[in-house]
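Participant: Dropping the sequence and predicted coords here.
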Amino acid sequence: MDMAGKQDAPIAALVVDPDGLVSGWSESGRLLLGWTAEETVGRPVSDLLAAPLPPGFPESYVSGPDHTGLTPLRHRDGSTLDALVSAHPLFDADGRTLGHAVTVQRWELRPVIADLAFEQCPFALGVYDPELRFLWINASSGRVIAHSEEQVLGKKYRELFPEFDRSLFPERDDKPYTDQLSEVARTGRPARLITVFRPLGSNYANAWATSIWPVRDAEGRVRAVANWGFDMSAEYWARQRLLMLNEASGGIGRTLDVIGTAQELATTPVPAFTDLVTVDLFDEVLRGEEPPSGSEFTPGKTIVLSRAARHSAKEDTVRARGPTTPVSHAPGSVAARCMATGRSTVQLAAEPGQGGEWAFGPGLAADPAHWPPGNPLIDESIAADGLTGRITVPLRARGTLLGVVAFSRSDRPEAFTADDLILAEELTAKAAIAIDNARRYARERTTALTLQRSLLPQGLASQEALEVASRYLPAGTGAEVGGDWFDVIPLSGARVALVVGDVVGHGLHASASMGRLRTAVRTLADVDLPPDELLTHLDDLVIHLSSDLQPAGNFQPTGEFGATCLYTVYDPVSRRFAVASAGHPLPLIISPDGTRLPSSAQPGPPLGVGGLPFEATEVELPEGSLLALYTDGLVDCRERDADQGITELQRVLNHSATSLEDLCDTVTGAMLPERRTDDAALLLARTLALDPRHVADWDVEPDTAQVPHARKFAVDQVDVWGLEEMSFVTELVVSELVTNAIRYGEPPIRLRLIRDTSLICEVSDASNTAPHLRRARAFDEGGRGLLLVAQLTQGWGTRHTTEGKTIWCAQPLPEPEPR
């Protein structure tokens, strides 16, 4: 420090004899105090004091060694002067005291206090020359660098502290500090920085806030670089804990998956907070079931959990998803006690240091007084596992124990603090809620998926009009089950209905609604309604279902319940394909040569809108055409829109594939992303044409005299097909149906026989009057015709067309004789 200000002040000199009388006075004394030699010599020196005599004065001044002290003196004008008084004994040749030589200097309060303030400052202060040679440091700075001022003055920083190999000593990296010193010296611009490193002689990494500024001379030239810094470790680590909690809020629970959430918990605090994290869960939690109650934790019973996640800073990889590893926690173990009591436990391997203080980390939070009762537990046994500390926290959510989490330190010397325990519990609490949510979701999703699979066809119906294959793929883990469905429904006349639909929404409600709609479609298909009429009836049903969901008194549908549906019918005799859509994507039709056949159908509104018509169109298909019916989950995803998806689906549909099952796998593999957010259903069909030799028809004149001819035509055709044993029933059925058509129907009348999976007999006329069964009395001559048909055949029904109606019945073919 510059002492010029002090040296310019006058210094008075006087001599005091052994009796305490002033025996000599200097001119500087007059300048300093205003007294002349005539006024002071011979007077007691105590007359110059403005305050009571110092203890032991003047005896201690006479007999003692050199003495210096701050003493208030009286100025001649009556004012008081604070002065530094130094007394030096005077001796003769024989060692006798002759008195004291006393110097008096004005007490310049500011420079002296400033010296003491800088020297005693708790912050580390230092001054370097532009070459980073030490010019001055205070005591606090000396303690930080473990060197005294005498050891460092004039030496360059790197001469005393060579740069550490950061690959070997990453925690001792002070390069940012020296780089910033050089930058300030070069540019003359002040700077601030925060560095985290382990000072020499310290076992812990400290966070230092440092300000660096240039020191300029009168001409503005940078003559030195000064800095001050303080240890802000407590504040820094508190901020890091908050940042980690913030990261945990966004990083834990991103997916509704139990193991995925456990892995997120294990990954988040490594390596910033701890070196190893393990997460152990009950098997019931992994399966989405209710975990065991507390009554099952009986004393002396080993608790078996499954290790859902493990992450180590050394391995730098989280345990891959796969079979979990059973983990046993013995009775009396820390983990078992934590689960039984619901309280966390901190184990430290540290021994007491000097003065009985524990080797906790920096900051007030390390004070043992801040620990909750029972913590920390000094357990030297964990050192055998290579650990310096471990925090064990029970994993609880909504009052339910799900498992246990262990946070362990091995490589770092810092012991856990009370704040670390709070952080571990906060991380665990966040993860516990997410894991419990995932468990509940998994249970609901499993229930919904089970319900949906039970409602979907377990096997496609047997028929010979189409070769069919299907796939239903639920949304990926973390997404709710949707309401997609498909169906294959055999119809009269060897026809087959192909159905695909999608209920709005997800979850149990969507699955249940899907089941209701699928049942309704099957019921309406049994009535043999045309596709557009069927969708009209289905639309009314959806409106009624939506109304059922409204609160009492509210009869306006909210539109929250709706669906789309595609209903198609293929006739293998005429090779006609009828299509009607209620807001659903139209099917892709690929001809045998690989070209796409256009469809003139226009999709109608989604089901549940009401009041709008549906349109049905027909197209004749070549035999061997490939049909692809699907839900939007197959073609629409985040990576592409629906139009791009349809183009891609057309590209991957290989019309020449011999196996539709393999083609289904190829399509789903190419179209569906790894992480699906929606259900997807796919129904592939290849059209077949019924052999013309298996179809026989005959126009019937509207005259009852034609009935015998119709019977003969039917019997002869059955014989040609080698079904002689079916001739009798066929003759009776044809007789009844043709007679009814002649009596009650309108021409033209037509008889058709089809040999398919069954023997089908159809009689068509132009009347829309539907026949029905009725009970005939004992003596009635009529009324038994349809009753006989119903009793003698496998099934019968009426199919309305634009030209009239068709009455049909089917007989099962005889079982082939075993060879």
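Facilitator: Yep, that arrived.
Participant: right, and the helix or strand after the lengthiest helix in the chain?
Facilitator: Criterion DSSP state H: the longest helix present in the chain is helix 418-455. Proceeding C-terminally, helix 418-455 gives way to strand 466-473 as the next helix or strand, assigned by DSSP states H and E.
Participant: Show me what the helix or strand that that next one is followed by is packed against.
Facilitator: Downstream of strand 466-473, the next assigned helix or strand under DSSP H and E is strand 483-490. If you count contacts as 3 or more C-beta pairs under 8 Å, 6 or more residues apart in numbering; DSSP states H and E, strand 483-490 packs onto helix 418-455, strand 466-473, strand 496-503, helix 508-526, strand 680-687. C-beta coordinates here come from the backbone N, C-alpha and C atoms, glycine included.
Participant: So for strand 483-490, mean pLDDT?
Facilitator: The average of the pLDDT scores along strand 483-490 is 86.
Participant: tell me the angle that strand makes with strand 496-503.
Facilitator: 170 degrees (axes from the mean of the first three to the mean of the last three C-alpha atoms, to 10 degrees).
Participant: Distance from the chain centre to strand 483-490, please.
Facilitator: Remark: strand 483-490 is offset 35 Å from the chain centroid, using C-alpha atoms, centre = their mean, to the nearest Å.
Participant: and if you look at stretch 219-237?
Facilitator: Worked out by C-alpha atoms, centre = their mean, stretch 219-237 lies 41 Å from the chain centre.
Participant: Just the buried residues of that stretch, please?
Facilitator: Of the residues in stretch 219-237, 222, 224-234, 236-237 count as buried by neighbour count, 16 or more other C-beta atoms under 10 Å.
Participant: one step back: export the helices and strands packed on strand 483-490 as TSV, with columns for mean pLDDT.
Facilitator: Output for these, formatted as TSV (pLDDT from 0 to 100):
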stretch	mean pLDDT
helix 418-455	80
strand 466-473	87
strand 496-503	91
helix 508-526	81
strand 680-687	91
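Participant: picking up where we left off before, please list the members of the buried residues of stretch 219-237 that lie in helices.
Facilitator: Checked against DSSP H, those include these in helices: Ser233, Ala234, Tyr236, Trp237.
Participant: how much space between the last one and Ser511?
Facilitator: As judged by C-beta to C-beta, to the nearest Å, Trp237 and Ser511 stand 50 Å apart.
Participant: Please apply the same query to the second one.
Facilitator: Remark: distance between Ala234 and Ser511 (C-beta to C-beta) = 54 Å.
Participant: what residues go with each domain of this structure?
Facilitator: Residue ranges for the domains of the chain, per automatic domain parsing: 4-112, 121-231, 240-445, 459-687, 693-812.
Participant: Report how many residues lie close to Ala790.
Facilitator: Neighbour count for Ala790, taken as other C-beta atoms under 10 Å: 13.
Participant: Need the phi and psi values for it.
Facilitator: When read as degrees, to the nearest 10, the backbone of Ala790 gives phi -70, psi -40.
Participant: what's the pLDDT at it?
Facilitator: So, for Ala790, pLDDT stands at 77.
Participant: That one touches Trp796, doesn't it?
Facilitator: Yes. With contact defined as C-beta atoms under 8 Å, Ala790 and Trp796 form a contacting pair (5.8 Å).
Participant: which residues of the stretch 551-700 of the chain score low on pLDDT?
Facilitator: Within the stretch 551-700 of the chain, the stretches with pLDDT under 70 are 551-561, 674-677.
Participant: Tell me where it has helices.
Facilitator: 632-635, 642-652, 660-671 (DSSP state H, counting those that start in this stretch).
Participant: Could you identify which of those helices is most buried?
Facilitator: Among the helices of the stretch 551-700 of the chain, ranked by average contacts under mean count of other C-beta atoms under 10 Å, first place goes to helix 632-635 (a mean of 23).
Participant: List the neighbours of it that are in contact with it.
Facilitator: Outside of helix 632-635, the residues within contact range by C-beta atoms under 8 Å, 6 or more residues apart in numbering are 473, 475, 482, 484, 502, 585, 642, 645-646, 648-649, 667-668, 671-672, 676, 678-682.
Participant: how far does that helix sit from the chain's center?
Facilitator: On C-alpha atoms, centre = their mean, the centre of helix 632-635 falls 25 Å from the chain's centre.
Participant: same deal with stretch 82-98?
Facilitator: 83 Å.
Participant: Can you list the buried residues in it?
Facilitator: Buried residues in stretch 82-98 (16+ other C-beta under 10 Å): Ala83, Leu84, Val85, Ser86, Ala87, Pro89.
Participant: Tell me what the second one is bridged to.
Facilitator: Taking DSSP bridges as the rule, Leu84 bridges to Leu70, Gln105.
Participant: Make 801 the first number, not 1, from now on.
Facilitator: Yep, numbering from 801; the last one is Leu884 now.
Participant: Gly1053 contacts Ala1232, correct?
Facilitator: No. Gly1053 is beyond contact range of Ala1232, at 10.0 Å (criterion: C-beta under 8 Å).
Participant: neighbour count winner among those two?
Facilitator: Ala1232 (25 against 21).
Participant: how about the nearest residue to the more buried one, chain neighbours excluded?
Facilitator: Distances taken as C-beta to C-beta, 6 or more residues apart in numbering put Ala1197 closest to Ala1232, at 3.9 Å, once the chain neighbours are dropped.
Participant: so what's that neighbour bridging to?
Facilitator: Thr1200.
Participant: residue contacts, it?
Facilitator: Contacts of Ala1197 (C-beta under 8 Å, 6+ apart): Ala1229, Ala1232, Ile1233, Ile1235, Asp1236.
Participant: Could you do Ala1232 as well?
Facilitator: Contacts of Ala1232 (C-beta under 8 Å, 6+ apart): Leu1195, Arg1196, Ala1197, Leu1202.
Participant: What is the neighbour count of the last one?
Facilitator: When you say that, I think you mean Leu1202. 28.
Participant: can you check the first one too?
Facilitator: Close neighbours of Leu1195, defined as other C-beta under 10 Å, add up to 28.
Participant: Val822 too?
Facilitator: 24.
Participant: Can you give me the neighbour number for His1337?
Facilitator: Around His1337 sit 14 other residues, with neighbours defined as other C-beta under 10 Å.
Participant: and the most centrally placed residue in the chain, which of the three is it?
Facilitator: Nearest to the mean C-alpha position of the chain, counting by C-alpha atoms, centre = their mean, stands Arg1054 at 1.2 Å. Under DSSP: H, G, I helix; E, B strand; the rest coil, Arg1054 falls in the coil class.
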